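1. I'll drop the sequence and a predicted model, then ask my questions.
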2 protein chains.
Amino acid sequence: MTVRDLKMDLAVTPVDGGVSAPAGFRAAGVACGIKKSGGLDLALIVSDTPASSAAVFTTNKAVAAPVIVSKARLAASGGRARAIVINSGCANACTGPEGLETSEAMADAAARAAGVDLLEVLVASTGVIGVTLDRAKVLAGIAAAAGALSRDGGPSAARAIMTTDPFPKETAVEITTAAGRFRVGGIAKGSGMIEPLMATMLGVVTTDARISPALLRRALVAVTDVTFNAISVDGECSTNDCVFALANGASGVTIGEGEHDLFVEALRQVCEPLAIAIVRGGEGATKLVTIDVTGGASNDEAKRTARAIANSPLVKTAVHGADPNWGRLVAVMGRAGVAFDLERARVQIGDVELFAGGRPFDERAPRASDHLQGNDVSLRVDLGTGGTGVARMWTCDLSADYVKINAEYRT
Amino acid sequence: MTVRDLKMDLAVTPVDGGVSAPAGFRAAGVACGIKKSGGLDLALIVSDTPASSAAVFTTNKAVAAPVIVSKARLAASGGRARAIVINSGCANACTGPEGLETSEAMADAAARAAGVDLLEVLVASTGVIGVTLDRAKVLAGIAAAAGALSRDGGPSAARAIMTTDPFPKETAVEITTAAGRFRVGGIAKGSGMIEPLMATMLGVVTTDARISPALLRRALVAVTDVTFNAISVDGECSTNDCVFALANGASGVTIGEGEHDLFVEALRQVCEPLAIAIVRGGEGATKLVTIDVTGGASNDEAKRTARAIANSPLVKTAVHGADPNWGRLVAVMGRAGVAFDLERARVQIGDVELFAGGRPFDERAPRASDHLQGNDVSLRVDLGTGGTGVARMWTCDLSADYVKINAEYRT
């Protein structure tokens, strides 16, 4: 199933509130002193009633303590969670047994403060790797956040999970369908950080639809694949990445097998803009680049090509310099390890075809350069195999500021 | 067989002359107007007598015309070549049937000018992709180079294959063994280019040892694996990469099966410094980084980890900023797709261990930072599997100049 091809009767209305937009959710963001700047650094999100839960975790084998704890509790609860606690400013990764105890203590404290079962809590951390998380500060922050929980707290939670993201990332929509009306809200954080170490991403999606944990998980995986897993800032994969979903059923709308595709589309309405916002706020980014690959032997081969392009420093620097350097795209297509036919391949920048039939059209380069001057760049390539494999990914340009941010942030 | 572990009776003496240092080789570098700067842009290397030949080519499927021609002639001649012609300033890649005809014409002209059989020629080009190579200029250059061939021409050939490499790369050694005395010489070009598009590399190795084409090929593949294929500037793979070897036997020393390992070591004496010089001259590079991986489940897994580290923008920017940011190394080890045990893994910068037993040693960070201030940086990581897999790679730091060179080179 590809999300993009869905045709369905579904009206989407943007609403305010982020993760607290769906009925029955409260949230808060507070400052507890983990960030040296004194900014918001602890978020708590709570469902008033039992909720289905699902999560997607980093595939990095150097897995951070909060990821270990969240995986264990989600498994033990059978996919039921009501509270999510997240701190920013410290990743609590590579911190040994003491770090693991701190994550357990965070989860326990959040459960007690929110009045939910110990297993009904998910925990996440983001920030510097290898630094001990101050347990006293984070526990005091959880108590403060529990006292501040409100129906209007989504935006403060979105701010509290930022590190030095240039802007908060939140979105919420109301979905109207034949089955009724429900809401989906989300927050995310990405890269654009002066202090932290990774292009770390965290995401939380809430909904007042009623759905089983298994179906929620299937939908979350499908949506993550074409949103959060279809972006790259610098090709790095963090020790802390995770996306959490909570569904509490407060809307009265029930999602069953028959509504699965519709629900996937509803989730995508929230996750795609969050994913794109992470790229727009990428470290040093000045341009959003949408990469469309066609003509792959399979969707998988098309995605592998899209990923290679998204992570190519030569493509990303060319985009930064507004240089319609299609030769770099052809070279990446040729090295992506997929079926490729140079004679039938095509390369398009904006709506300008620069290479086709084995030959360049350099006289069109000025028009392509005009397109690259903008903040929204489209790169389309066809692998020339005649296959039907397609993929879309989003990335950003590579600027000297990326180097500056990551080379000099401690100096 | 690992080249590094060889213990053998072999004396190595550096000599001048690059590719024309071995007996029976002449070379020349001339300017024929392909480079707008007017610099040397055409190299010709000729053996006075028949020679065995071997080559290693790019694995990129967007293969340039000269690579197609060289592969075909090498196959048709059964591994015999006497002349190599190389132009810089234009890659003759993605240039259609006309580009292929130009490469064929270059090879034919070089054969006639050097007085060798049409099949005994290898051809290479390096520079901008997708630009037509001026056939008249390059053919005139070949005629001029043939007239300029000399025993002292190695250094001018080394300069003629540069694009805007910051310095020429050449080396030559005399090998003294029980079997006699022979020489190996080499030139290479890398990245450090203002104009061209890729981290393109070309290499030529000459020797006056006598060796069969099959054995020469086996030795060249073994050496390339631990030298030219063990470096990375930016993880890109060009359309034009190739390494050529010629062996004319003029020294009277014959290399058979029994001397294979010794010959591999002799080739390595030339190829390793050339490979390292390519990294030192990498685009925007200010530091040479040697990466040693131990504790891999296999050599292949260790090499995959070394490659992931060598291409990690976060590691490379940290090195650039002299930030002993071991967390970034752990994160790359965890995402490299190989067996990894966080609790037993180790990370060392210079001789300073910063992470072991699942715990950081941040009090040692200042000493590691001192090491990173230098121009030669050592990163050692152990994957913690208890396996014997090892690998070494060389890379450079990622600087704002890399971005500047690649974003702004046409403006």
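-> Nice, I can see it.
2. hmm, what's the outermost residue in chain A?
-> Here chain A reaches farthest from its C-alpha mean at A:Glu363, the gap being 39.0 Å by Cα atoms, centre = their mean.
3. so that residue lies in a helix, does it not?
-> Yes: using DSSP: H, G, I helix; E, B strand; the rest coil, the assignment for A:Glu363 is a helix.
4. ok, it to B:Val67 distance?
-> 27 Å (Cβ to Cβ, to the nearest Å). Quick note: C-beta positions are derived from backbone N, CA and C, even for glycine.
5. re the thing from before, show me the contacts for the residue farthest from the centre of chain A.
-> By Cβ atoms under 8 Å, 6 or more residues apart in numbering or on different chains, A:Glu363 lies in contact with nothing.
6. please apply the same query to A:Ala214.
-> A:Gly79.
7. ok, it to chain B distance?
-> Distance of A:Ala214 to chain B, given as Cβ to the nearest Cβ, to the nearest Å: 28 Å.
8. mind checking pLDDT for that residue?
-> With respect to pLDDT, A:Ala214 has a value of 95.
9. ditto for A:Tyr402
-> 85.
10. the closest residue to it other than its chain neighbours sits in which helix or strand?
-> Sequence neighbours aside, A:Gly284 is the residue nearest to A:Tyr402 in space, at 3.3 Å (criterion: Cβ to Cβ, 6 or more residues apart in numbering or on different chains). Using DSSP states H and E, A:Gly284 sits within no helix or strand.
11. likewise for the one 10 residues further on?
-> Using DSSP H and E, the element containing A:Thr294 is strand A:288-296.
12. ok, and what's touching that strand?
-> A:276, A:279-280, A:302-303, A:305-306, A:309-310, A:316, A:319, A:338-339, A:344-346, A:375-397.
13. ok, now with 7 Å
-> A:276, A:279-280, A:302, A:305-306, A:309-310, A:319, A:338, A:375-387, A:389-397 (Cβ atoms under 7 Å, 6 or more residues apart in numbering or on different chains).
14. for the spatially most central residue of chain A, what are its contacts?
-> With distances taken as Cα atoms, centre = their mean, A:Phe228 lies nearest the centre of chain A, 3.8 Å away. Counting by Cβ under 7 Å, 6+ apart, A:Phe228 touches A:Met201, A:Gly203, A:Val243, A:Cys271, A:Ala275.
15. in strands, which of those residues fall?
-> Using DSSP state E, the members of the contacts of A:Phe228 that fall in strands are A:Gly203, A:Val243.
16. please pick the buried ones from the contacts of A:Phe228.
-> A:Met201, A:Gly203, A:Val243, A:Cys271, A:Ala275 (16 or more other Cβ atoms under 10 Å in any protein chain shown).
17. wait, A:Asn240 touches A:Val63, no?
-> No: A:Asn240 is not in contact with A:Val63 according to Cβ atoms under 7 Å; the separation is 8.4 Å.
18. tell me which of those two has more neighbours.
-> Looking at A:Asn240 and A:Val63 with other Cβ atoms under 10 Å in any protein chain shown, you find the greater number of neighbours at A:Asn240, namely 28 against 19.
19. from chain B, how far off is that one?
-> A:Asn240 sits 9 Å away from chain B, taking Cβ to the nearest Cβ as the criterion.
20. how about that residue: what's its closest non-neighbour residue?
-> Here the residue nearest A:Asn240, using Cβ to Cβ, 6+ apart, is A:Ala64, at 4.5 Å.
21. got a list of what the one you found touches?
-> Contacts of A:Ala64 (Cβ under 7 Å, 6+ apart): A:Ala91, A:Asn92, A:Ala93, A:Ser125, A:Thr239, A:Asn240.
22. can I get those in CSV with secondary structure and pLDDT?
-> What follows is the contacts of A:Ala64, written out as CSV (DSSP: H, G, I helix; E, B strand; the rest coil; pLDDT from 0 to 100):
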residue, secondary structure, pLDDT
A:Ala91, coil, 90
A:Asn92, coil, 92
A:Ala93, coil, 88
A:Ser125, strand, 93
A:Thr239, coil, 68
A:Asn240, coil, 73
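23. how about the strands in the stretch 301-411 of chain A?
-> For the stretch 301-411 of chain A, the strands defined by DSSP state E, counting those that start in this stretch occupy A:346-349, A:352-356, A:359-360, A:376-382, A:389-396.
24. which elements pack onto the last one?
-> Under the contact definition 3 or more Cβ pairs under 7 Å, 6 or more residues apart in numbering or on different chains; DSSP states H and E, strand A:389-396 sits against strand A:231-232, helix A:260-280, strand A:288-296, helix A:299-310.
25. in JSON lines, list these along with mean pLDDT.
-> Shown next, in JSON lines, are the helices and strands packed on strand A:389-396 (pLDDT from 0 to 100):
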{"stretch": "strand A:231-232", "mean pLDDT": "82"}
{"stretch": "helix A:260-280", "mean pLDDT": "92"}
{"stretch": "strand A:288-296", "mean pLDDT": "97"}
{"stretch": "helix A:299-310", "mean pLDDT": "94"}
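26. among the ones you listed, which comes closest to A:Asp48?
-> Of all the helices and strands packed on strand A:389-396, the one in closest proximity to A:Asp48, counting by Cβ to Cβ, is helix A:260-280 (20.3 Å).
27. quick check: nearest residue in space to the residue of the stretch 101-250 of chain A found nearest chain B, chain neighbours excluded?
-> Closest approach between the stretch 101-250 of chain A and chain B, counting by Cβ to the nearest Cβ: A:Ile129, at 3.0 Å. Of all residues not flanking A:Ile129 in the chain, B:Gly327 sits nearest, at 3.0 Å (Cβ to Cβ, 6+ apart).
28. can you check A:Ser232 too?
-> That would be A:Ala310: by Cβ to Cβ, 6+ apart, it lies 4.2 Å from A:Ser232.
29. doesn't A:Asp234 make contact with the one you found?
-> No: in this structure A:Ala310 lies outside contact range of A:Asp234 using Cβ under 7 Å: 9.6 Å.
30. common neighbours of the two, please.
-> With Cβ under 7 Å, 6+ apart, A:Ala310 and A:Asp234 have no common neighbours.
31. quick one: contacts for A:Gly246?
-> One correction, residue A:246 is Leu, not Gly. A:Leu246 touches A:Ser47, A:Ala51, A:Ser53, A:Ala81, A:Thr206, counting by Cβ under 7 Å, 6+ apart.
32. for A:Ala54, same thing?
-> By Cβ under 7 Å, 6+ apart, the residues touching A:Ala54 are A:Gly79, A:Pro213, A:Leu216, A:Arg217, A:Leu220, A:Ala245.
33. most neighbours, which of these?
-> A:Ala245 (31 neighbours).
34. could you measure from it over to A:Gly29?
-> Distance from A:Ala245 to A:Gly29, by Cβ to Cβ: 19 Å.
35. now swap in A:Gly350 and tell me
-> With Cβ to Cβ as the criterion, A:Gly350 and A:Gly29 are 39 Å apart.
36. please say which of the two ends up with more neighbours.
-> Neighbour count, other Cβ under 10 Å: between A:Gly350 and A:Gly29, A:Gly29 has more, with 28 against 19.
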